[in-house]
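Enquirer: With the input below, show me the fold.
(chains A and B)
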Amino acid sequence: MTREMIIEKLRNIFKMVNGNDNIEVDEATDLRTGLGLNSIGMLYMIIAIEENFGVRFENVSMGDFNTVSDVINYIEEQKK
Amino acid sequence: MKWVLKEIKPADMVRVPSGSFYHYGICVDEDSIVQFGESVVNPLVDPNTVEVNKTDINDFLRGRFAEVAEYDKKELKRKNPDEKIIEYANKSIGKKGYHILYNNCEHFANECVFNVHSCSQTDDFRESLSKKFPMVDVYIASVDRFKSNKILPKYAKTELKAVKNESLAEQKRAVYGLLQYAVKNSFGKDVNIKSMSKDERGKPHMQDYSFSVSHTRELVCVAVSKSNIGADLEEIKEHSATSPLKTHILSESEKDKEYTKEELLELWTKKESIYKFDDGIKSYIPKEIDTNLYQTKSVKIDFEKKQYSLSVTAVSVMNVNILTLDGRKAT
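Expert: Next up is the predicted model:
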């Protein structure tokens, strides 16, 4: 799965978690300041990613993810 | 299990609200609760610093009302005796390995009471997510990319023998090539193409997953999901807005409006995707299909100076992902 494909799917996940259709998402977008995800929003995001990409977030701290790029890197690593 | 506001006694499973979640613990004596983590749920906490600990009941409550678990008859039979619950909780003090999804305060409380590792809070969210917003991945690729695919279902091989038009044969082969790619990409699984079959409407079936396919001379489209789906792709051609086409597509309520060729083709793809989605529609009569009754998503796709209309129908289109191979854009 290419990075473009991953970000396309992440856009829908962020819309679902945020309940907001009008969000701009690129790799540099900050999860907290850019998307406004609070701690529970981060948890919902993680669950949605697990369900949509078939990956598991084990042995990682959610505090490790700052930008959309960090999330894509993790998914790419898990999909290898 | 019901949650009630009442006096807490030793061996009770208790919880307090914490943001959108609840924090769980086990009462081990009149003054103390054993809990995994802290009384305020924080998914961003470093899991290595979290351990099972004994805390004062007031620290657990922090001014909030505690709810106490009240078990039904089946749960009462499964539940450990009170002394075992307290013993397990106390023995666990100092234990690590916290994970907000897989090993949290609710998992711990359920282990103490039922010897079961479960968490209703995250499980409920997963279930509602997949029911409300089922994932639909729609892949678009050039026919050229998959036209040499040779792995086909038995029925497709039979059908291909009757196809004299080589372009159409390439499209059909490409569909199954892209389908294999899509399932692998979206679900990480290999699909057994050869064992696929068709239902009485002629709709192909695959074990475990739903899918829908569509193809034009240049492009092939495959939508995959765990929930029912329909997809249709059409090239927007010059003759698209001609009167005969309107007669076949438009229902009585749609006839009064003026349509551009793009709008008319979009309506056609919507209706065909609805027909593919809804197994209750036995034959495809576009003017009898009411698009307002379904959730559809439509996009335009540019490919080599041509435009295409793509529509997808699903239980919800919130989580429809249009994934184009070869870098072309969907808008």
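Enquirer: So A:Y74 versus A:V60, what's the distance?
Expert: Distance of A:Y74 to A:V60, computed by C-beta to C-beta, to the nearest Å: 7 Å. The way it works is simple: take the backbone N, C-alpha and C, and place the C-beta from them, glycine included.
Enquirer: neighbour count winner among these two?
Expert: A count of neighbours by other C-beta atoms under 10 Å in any protein chain shown puts A:Y74 above the other of A:Y74 and A:V60, at 17 against 14.
Enquirer: so that one sits right up against A:N66, yeah?
Expert: No: using C-beta atoms under 8 Å as the test, A:Y74 is too far from A:N66 to be in contact (11.6 Å).
Enquirer: Chain A against chain B: which residues are in contact?
Expert: Neighbours of chain B within chain A, by C-beta under 8 Å from any C-beta of the partner chain: A:1, A:4-5, A:8-9, A:12-13, A:15-16, A:39-40, A:42-44, A:46-48, A:50-52, A:54, A:57-58, A:61-63, A:79.
Enquirer: Only the buried members of these: can you turn that into a ChimeraX selection?
Expert: Per 16 or more other C-beta atoms under 10 Å in any protein chain shown, the buried members of the residues of chain A next to chain B correspond to this ChimeraX selection:
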select /A:1,5,8,9,12,13,15,16,39,40,42,43,44,46,47,48,50,51,52,57,61,62
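Enquirer: So which of the residues of chain A next to chain B belong to helices?
Expert: Counting by DSSP state H, the residues of chain A next to chain B place A:4-5, A:8-9, A:12-13, A:15-16, A:39-40, A:42-44, A:46-48, A:50-52, A:79 in helices.
Enquirer: Which parts of the stretch 201-331 of chain B are helices?
Expert: Using DSSP state H, counting those that start in this stretch, the helices found in the stretch 201-331 of chain B span residues B:243-249, B:261-277.
Enquirer: Chain A is nearest to which of these?
Expert: helix B:261-277 (18.2 Å; C-beta to the nearest C-beta).
Enquirer: For the stretch 151-300 of chain B, which residues score under the pLDDT cut-off?
Expert: B:238-244 (pLDDT under 70).
Enquirer: Strands of that one, start to end?
Expert: Along the stretch 151-300 of chain B, counting by DSSP state E, counting those that start in this stretch, strands occupy B:197-198, B:204-205, B:210-215, B:219-225, B:229-235, B:295-303.
Enquirer: Just give the strands next to the first one in its sheet, each with its orientation.
Expert: According to DSSP bridges, strand B:197-198 forms sheet pairs with strand B:204-205 (antiparallel).
Enquirer: got the contact list for the strand it pairs with?
Expert: For strand B:204-205, contacts defined as C-beta atoms under 8 Å, 6 or more residues apart in numbering or on different chains pick out B:P153, B:Y155, B:M196, B:S197, B:K198, B:D199, B:F211, B:V213.
Enquirer: switch to 10 Å and redo it
Expert: For strand B:204-205, contacts defined as C-beta atoms under 10 Å, 6 or more residues apart in numbering or on different chains pick out B:153, B:155-156, B:175-176, B:179, B:193, B:195-199, B:211-213.
Enquirer: Please check the residues you listed and keep the buried ones.
Expert: Neighbour-count burial (16+ other C-beta under 10 Å) applied to these gives B:P153, B:A156, B:V175, B:Y176, B:L179, B:I193, B:M196, B:F211, B:S212, B:V213.
Enquirer: Give the phi and psi angles for the nearest residue to B:Y102 once chain neighbours are set aside, as a check.
Expert: Take B:Y102 and drop its neighbours on the chain: the residue closest to it by C-beta to C-beta, 6 or more residues apart in numbering or on different chains is A:E58, 7.0 Å away. With angles defined as degrees, to the nearest 10, A:E58 sits at phi -100, psi 150.
Enquirer: can you pull the contacts of A:E58?
Expert: A:E58 touches A:Q78, B:H99, B:L101, B:Y102, B:N103, counting by C-beta under 10 Å, 6+ apart.
Enquirer: CSV for the residues you listed, including neighbour count?
Expert: Output for the contacts of A:E58, formatted as CSV (neighbours: other C-beta atoms under 10 Å in any protein chain shown):
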residue, neighbour count
A:Q78, 17
B:H99, 16
B:L101, 20
B:Y102, 15
B:N103, 20
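Enquirer: Please determine whether stretch B:211-224 lies in contact with chain A.
Expert: No: using C-beta under 10 Å from any C-beta of the partner chain, stretch B:211-224 never reaches chain A; the gap is at least 12.2 Å.
Enquirer: still on that earlier bit, so which of the contacts of A:E58 is the closest to B:F133?
Expert: In terms of C-beta to C-beta, no member of the contacts of A:E58 lies closer to B:F133 than B:L101, at 18.7 Å.
Enquirer: and the nearest residue to the closest one once chain neighbours are set aside, how many residues sit next to it?
Expert: The shortest distance from B:L101 to any non-neighbouring residue, by C-beta to C-beta, 6+ apart, is to B:T122 (5.5 Å). Applying other C-beta under 10 Å, we find 21 residues neighbouring B:T122.
Enquirer: My reading is that B:T122 lies in a helix. Confirm?
Expert: Yes: assigned with DSSP: H, G, I helix; E, B strand; the rest coil, B:T122 falls within a helix.
Enquirer: from what I can see it touches B:S20, true?
Expert: No: B:T122 lies out of contact with B:S20 (C-beta atoms under 10 Å); the separation is 11.5 Å.
Enquirer: okay, and the common contacts of those two?
Expert: A:L43, A:Y44.
Enquirer: So which residues on the stretch 201-331 of chain B come close to chain A?
Expert: B:226, B:316-325, B:327, B:330.
Enquirer: now do the stretch 1-150 of chain B
Expert: Residues of the stretch 1-150 of chain B lying near chain A (C-beta under 10 Å from any C-beta): B:18-21, B:40-49, B:99-103, B:121-123, B:125-127, B:129-130, B:132-137, B:139.
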